[in-house]
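1. Whatever this is, show me its structure:
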Amino acid sequence: MFDGMTAELLARIQFAFTVSFHIIFPAFSIGLASYLAVLNGLWLWTKKDVYLSLFNYWKKIFAVAFGMGVVSGIVMSYQFGTNWSVFSDKAGPVIGPLMAYEILSAFFLEAGFLGIMLFGRERVGPRLHMFATGMVAFGTLLSATWILSVNSWMQTPAGYSINTDGQFVPEDWWAIVFNPSFPYRLTHMVLAAYLTTAFVVGGVGALHLLRDKTNLAARKMFSMAMWMAVIVTPLQIVAGDLHGLNTLEHQPAKVMAMEGHYDSYPEGAPLILFGIPNSEEKRIDYAIEIPKLSSLILKHDLNAPLDGLDTIPDDEEPPVAIVFWSFRIMIAIGFAMLAIGFWSLFRRWKGQLYDANWLQRVMVLMAPSGFVAVLAGWVTTEVGRQPFTVYGVLRTSDSLAPIEAPAVAASLTAFIIVYFFVFGAGTYYIMRMMNKTPGAIDVKMGLNKGPIRAAGITPAQQLISGTTGR
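-> Now for the predicted structure:
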């Protein structure tokens, strides 16, 4: 299956495979934890049972996604010792403490309050339960902060020196943590997580609205998700543009690959919409382009010159085809999200949000789009950094452990088999939970008790009216 592949290529494939599985779960749990905090807060504020019903619905899904994220993250981290021990030795003095801070300050915070959030409402009271829910949400954001600080330092290293053993030694922790690309990368990733969650929630709400237009819980989650699409997508596009400008400053070769600019343009570079990268001939075949628009986007000047990959040594060029296409997939999904957000705003203005069958059908199809965009963004970021692990300083080929290709191939094969069975089953279970009707009878909420039930009022009518029979 992996005949002819080097140990380095197999190790890169293995890390790409495991990180791709891992990133989809934090991308979902970051946004979902904040959504749960909002739902819990709205229930405390309004006492409307629809918010409590939605909280109970999504917290079960969050618990499974959180667990899968933890497991996949642990497996991924072992590769630093097995496949990338030289990188761990050289970069460990910098990235080791940052990852330890993530465990101590963020993961322990999430794990410590998770049980209270999931099971403690009746034991600790609503206010302390709200605090625990907020701490879980804060912990997910803090965890993302530390991990993205590590990744950003590898992209734009700062605040270090190199000792006689070739190790990166910390000189300025503020410069290391808040390295040049960190604020842009953190903002871009957190907004991506919120959009990923919004489109999952919106897709689930749309699915149940197509089945029953009167389901209040489905209407509420669909409406909240559409507001997120309208508000957050434009912010994400602006954040992505700023991130791109930062990347142009610090990692120009990555931007050249993203844009497909094999050649330099002294008087305005075109924006290549589509084409087929030809690495042999160093050109984009069948290019569809808009003259000078790339210069306008990247330099805010139609006639601004832009360097191309012809200014970069061949052995420092990233794989252009992968970066070129992954970047376009991410951008295409972003603008599709923007279009859906404005479509929903128009239908809301017309008073037809919950009756918009075509919008709801599209939202069901778009439910996984955030995951695809996150994966495409990570591919753009990580492949565009090649051939370096620490950009411009430590090459990937010099980071590999002294390990033979058959050993990496064996572990990669085992990962593929186990991941597809374990995480396939977990994903299937999450989808089954999402398929269950939100707002169904909850005995603990009292929706099937008391004189209101005896009077013939259905649970759905109780939710709509805001009464519970208590």
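
2. what about the spatially closest residue to Gln386 that is not a sequence neighbour, which SS state?
-> The shortest distance from Gln386 to any non-neighbouring residue, by CB to CB, 6 or more residues apart in numbering, is to Pro318 (4.8 Å). Yep, even glycine has a C-beta here, placed from its N, CA and C like the rest. In three-state terms, and counting by DSSP: H, G, I helix; E, B strand; the rest coil, Pro318 is coil.

3. My guess is Pro318 contacts Thr381. True?
-> No. At 10.6 Å, Pro318 does not count as touching Thr381 under the criterion of CB atoms under 8 Å.

4. Identify the contacts common to those two.
-> The contact sets of Pro318 and Thr381 overlap at Lys254 (CB atoms under 8 Å, 6 or more residues apart in numbering).

5. bridging residues for Val390?
-> Beta-bridge pairing for Val390 (DSSP bridges): Leu394.

6. I'd like to check which residues are in contact with the nearest residue to Leu109 once chain neighbours are set aside.
-> Distances taken as CB to CB, 6+ apart place Gly139 nearest to Leu109, at 3.8 Å, with adjacent residues excluded. Counting by CB under 8 Å, 6+ apart, Gly139 touches Ala33, Ala106, Phe107, Leu109, Glu110, Phe113.

7. farthest-separated two in those residues?
-> Ala33 and Phe107 (12.9 Å; CB to CB).

8. more neighbours, the two?
-> The residue with more neighbours, out of Ala33 and Phe107, is Ala33; 29 against 17, by other CB atoms under 10 Å.

9. Next one: that one relative to Ile276, how far apart?
-> Distance, Ala33 to Ile276, using CB to CB, to the nearest Å: 41 Å.

10. Start and end of stretch 263-280, how far apart?
-> One end of stretch 263-280 to the other measures 14 Å (CA to CA, to the nearest Å).

11. Could you check that stretch and say which residues are buried?
-> The neighbour-count check on stretch 263-280 (16 or more other CB atoms under 10 Å) flags Tyr265, Gly268, Ala269, Pro270, Leu271, Ile272, Gly275, Pro277 as buried.

12. need the contact list for the closest residue to Gly426 other than its chain neighbours.
-> In this structure, Gly426 finds its nearest non-sequential neighbour in Met68, 4.9 Å apart by CB to CB, 6+ apart. When contacts are counted by CB under 8 Å, 6+ apart, Met68 touches Phe25, Phe423, Gly426.

13. Asp241: neighbouring residues, count only.
-> 13.

14. Same question for Val238.
-> 12.

15. Ok, Lys350 next?
-> So Lys350, with other CB under 10 Å, has 10 neighbours.

16. if I pick it, what's in contact with it?
-> Counting by CB under 8 Å, 6+ apart, Lys350 has no contacts.

17. if I look at it, how far off is Ser344?
-> Taking CB to CB, one finds Lys350 at 11 Å from Ser344.

18. Also Phe87?
-> Separation of Phe87 from Ser344 (CB to CB) stands at 45 Å.

19. Also Ala91?
-> Counting by CB to CB, the gap from Ala91 to Ser344 is 45 Å.

20. Same question for Ala253.
-> Counting by CB to CB - Ala253 and Ser344 are separated by 39 Å.

21. Ok, Ile162 next?
-> For Ile162, the distance to Ser344 - CB to CB - is 52 Å.

22. more neighbours, these two?
-> Taking neighbours as other CB under 10 Å, Ile162 and Ser344 compare with Ser344 leading, 24 against 12.

23. So for the more buried one, what's the nearest residue that isn't a sequence neighbour?
-> Met226 (3.8 Å).

24. swap in Met76?
-> Here the residue nearest Met76, using CB to CB, 6+ apart, is Thr18, at 4.4 Å.

25. my read: that neighbour touches Val75, true?
-> Yes. At 6.1 Å, Thr18 counts as touching Val75 under the criterion of CB under 8 Å.

26. And Leu353, how far from Ser344?
-> Counting by CB to CB, the gap from Leu353 to Ser344 is 6 Å.

27. Check the secondary structure at Ala304 for me.
-> Ala304 ends up coil, using three-state DSSP.

28. which stretches of the protein have low pLDDT?
-> 1-3, 440-470 (pLDDT under 70).

29. ok, now which ones touch the residue nearest to Glu317 when sequence neighbours are not counted?
-> Nearest non-adjacent residue to Glu317, counting by CB to CB, 6+ apart: Leu309, 5.6 Å away. By CB under 8 Å, 6+ apart, the residues touching Leu309 are Ala253, Met256, Ala257, His261, Tyr262, Asp263, Lys282, Glu317, Val320.

30. repeat for Pro387
-> Taking CB under 8 Å, 6+ apart as the test, what Pro387 contacts is Asp315, Glu316, Pro318, Arg395, Thr396, Ser397.
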